[in-house]
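**Q** build me a model from this:
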Amino acid sequence: MTRIRHQSLDCSPGCAVEATLQLIDGKWKGVILYHLLQGTLRFNAIRRRLPNITQRMLTTQLRELERDGFVLRTVYPEVPPKVEYSLTPRGRTLEPVIMALKAWGDEHTEFRHGPEICADQDQTLSTAVQSSPAAKGAE
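**A** Numbering: from 1, shown residues only. Alright, predicted model coming up:
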């Protein structure tokens, strides 16, 4: 459970930022919101778009997003049960935030397949490659 640092938002100018981040924090909430911007999805459709998330984690994240008023969960009285998830009007207000995060990520990160490398390691790696004998021979 996320620890709330402040009980009210009148503590400093950054408290609104902190409160917003607490609502959409976590590894998966932003990504779930991003996919729901494209329209209503069923649980398994979301899960297919996020292959690394466990069923339990997806359920937890969707419940929290629903509790916070960002996601609407619609259950249809059918057998087997049909459940759809969509953004509420409040959830739609996050579109500029989510799209700004995506734009920033597209510009400032490089997607890799394999182990993640942080920016410091990237610099070290590129320096090592440039000074390697193979790189000097190619010059």
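
**Q** now the end-to-end length of stretch 58-76.
**A** End-to-end distance of stretch 58-76 (C-alpha to C-alpha, to the nearest Å): 20 Å.

**Q** try stretch 39-56
**A** Termini of stretch 39-56 sit 22 Å apart (C-alpha to C-alpha).

**Q** so what touches the helix or strand where I46 lies?
**A** Using DSSP states H and E, I46 sits in helix 43-49. Contact partners of helix 43-49, identified using C-beta atoms under 8 Å, 6 or more residues apart in numbering, comprise I32, H35, L36, L41, I53, Q55, L58, L62, V83, Y85. The C-beta positions use only the backbone N, C-alpha and C, and glycine is treated the same way.

**Q** mind putting those into TSV with pLDDT and distance to F70?
**A** Formatted as TSV, the contacts of helix 43-49 follow (pLDDT from 0 to 100; distance: C-beta to C-beta, whole Å):
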residue	pLDDT	distance to F70
I32	96	9
H35	97	13
L36	97	9
L41	97	14
I53	95	17
Q55	95	20
L58	96	15
L62	96	10
V83	94	16
Y85	98	10
